[in-house]
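Visitor: give me coordinates for this.
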Amino acid sequence: HTRNGIVHAVEDVSFALEKGETLGIVGESGSGKSVTCYSLLGLIPQPPGKIHSGTAIFEGTDLLKAKEKTLRKIRGKKISMIFQDPMTCLNPALRIATQLTEPLELHEGMRGKPALHRAIEALEEVGIPDAAKRIKSYPHEFSGGMRQRVMIAMALINEPKLLIADEPTTALDVTIQAQILRLIADLQKHRDIGVLFISHDLAVVSDIADQIVVMEQGEVVESGAPDAIFKHAQHPYTQKLLAAIPSGERDIGEAKDDALINVRNLRTWFQASSDSEPVKAVDDVSFDIHRGEILGLVGESGSGKSTLGRSIMRLAPITSGEVTFDEMNLTALAGRHLKNFRSRMQMIFQDPFASLNPRMTVYDTLAEPLLLHNICQRANLDQHIAKLMDDVGLARNFIRKYPHEFSGGQRQRIAIGRALATRPEFIVADEPVSALDVTIQAQILDLLMALGREHNLTMLFVSHDMAVIRHIADRVLVMYQGKVVE
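Guide: Model prediction:
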């Protein structure tokens, strides 16, 4: 039993995990999956959280009653954790090398070149190219998916006996996802690691788990082998999760020829230093987005998808080329003139916790764009905010909460509500549903498609999930190493 204030976040949950076995925990965001695992390692902030009762026996030690000194020896050595949100878990002021060698130094006493060599090996294991160079980078110099790979390398570097993976492949494209899952499976086989795998991706869980636990509102509603859960689900909640997996293609109407966005020969290059080769994040890209169209943009992590979206929004410095919005050249705009376009163009960012102000409540977050762009007056502000909360599937009584009080999926819904607040004509949606469980993902996809029809909304929809792209997009661009290849 774990309670946050008076909310029963986890209620009477029991399971057992053997050596070399994978236990998958699935459920919607806010169902108590992460809280269950954070409780095992003493990572629940107290107050308001409190472990009310129960036991968690690991190699004869009750983790729930263990002292902090004991837990510090276990955490990162015998039990490692891959966190859901890499940008907020990595230290922005330290190079990746420092962060990867820290657990080796702390638990193994390994320092200097041997530690650095082992850290480079760990990065290569998780598929980061040119690891010896990239290890000197800071977290902000990596894409979302590559940051997640750094987190995985950090968790595996000390070869733990239990690995808790909290949505470890959420931010990864399908090719790297397959690679990471194979890596975890190989390590598990060779070193007899037990894996607690938290995910809302039912396909991934069915593929790798030996046993599955389905959680709803803090309780276990169903458990069993993957075949029993996925082919013969008994509980209505499990059936609802399975029914929400996106399938089929979008019914595409007549081809549109009225372009809202024109991108011509766009280059966004980053120069680390004057004597180094530039990173060609976006390299000579040209395309149009038609009015009322949802254009899907797919590619591996690090292929330049997010940078392309940010360049169109003028949130990244453009090296050369031209972006035209409604026949206005955005590359020539600056200052106040660019600000006037902000209400017409909005962005849903990939990482909601990093893009939401931790000192602002949901109410203030949603009120800011409404007041800044004179969408409404203070007199009817509450009404507008309540409507936005309804649109993105959040309870109205959450408006006075802060971002840290929400689950990962709920935070993404707040970010989507903020982007929709100004009723923009064009939205860049950068992996907007990657952190969401399947039921909320389906709801948000339906919402974005409905808003598209209702307001003739135009969208660049960035994703690594081909099923989602097939479901929502009119046309698809495929990016690879900064170029559009198809």
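Visitor: can you give me the end-to-end distance of stretch 371-386?
Guide: For stretch 371-386, the first-to-last residue distance is 15 Å (Cα to Cα, to the nearest Å).
Visitor: what about that stretch, average pLDDT?
Guide: If you average the pLDDT over stretch 371-386, you get 88.
Visitor: what comes up buried for it?
Guide: 373, 376, 381, 384, 385 (16 or more other Cβ atoms under 10 Å). Where C-beta positions appear, they are placed from N, C-alpha and C, glycine not excepted.
Visitor: could you work out the most separated pair of these?
Guide: 373 and 385 (14.5 Å; Cβ to Cβ).
Visitor: just to revisit the earlier point, got a markdown table for the buried residues of stretch 371-386, with distance to residue 44 and secondary structure too?
Guide: Output for the buried residues of stretch 371-386, formatted as a markdown table (distance: Cβ to Cβ, whole Å; DSSP: H, G, I helix; E, B strand; the rest coil):
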| residue | distance to residue 44 | secondary structure |
| --- | --- | --- |
| 373 | 39 | coil |
| 376 | 39 | coil |
| 381 | 35 | helix |
| 384 | 35 | helix |
| 385 | 30 | helix |
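Visitor: residue 312: which of the residues you listed is nearest?
Guide: residue 373 (19.5 Å).
Visitor: now tabulate the buried residues of stretch 371-386 in CSV and tack on distance to residue 351.
Guide: Shown next, in CSV, are the buried residues of stretch 371-386 (distance: Cβ to Cβ, whole Å):
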residue, distance to residue 351
373, 24
376, 28
381, 27
384, 26
385, 23
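Visitor: need phi/psi at residue 264.
Guide: phi -130, psi 120 (degrees, to the nearest 10).
Visitor: if I pick it, what's in contact with it?
Guide: 286, 321, 322, 323, 324 (Cβ atoms under 8 Å, 6 or more residues apart in numbering).
Visitor: ok, how many other residues are close to the last one?
Guide: Residue 324 is flanked by 17 other residues according to other Cβ atoms under 10 Å.
Visitor: got the contact list for whatever helix or strand residue 69 lives in?
Guide: Following DSSP states H and E, one finds residue 69 within helix 68-74. Residues from elsewhere that reach helix 68-74 (Cβ under 8 Å, 6+ apart): 41, 42, 58, 61, 63, 66, 107.
Visitor: how far away is residue 384 from residue 420?
Guide: Between residue 384 and residue 420 the distance is 11 Å, computed by Cβ to Cβ, to the nearest Å.
Visitor: any low-confidence regions in this structure?
Guide: Counting by pLDDT under 70, the chain has low-confidence residues at 2-7, 45-48, 170-172, 247-257, 435.
Visitor: most distant residue from the middle of it?
Guide: Centroid-distance maximum for the chain: residue 379 at 35.6 Å, with Cα atoms, centre = their mean.
Visitor: need phi/psi at that residue.
Guide: Torsion angles, degrees, to the nearest 10, at residue 379: phi -60, psi -40.
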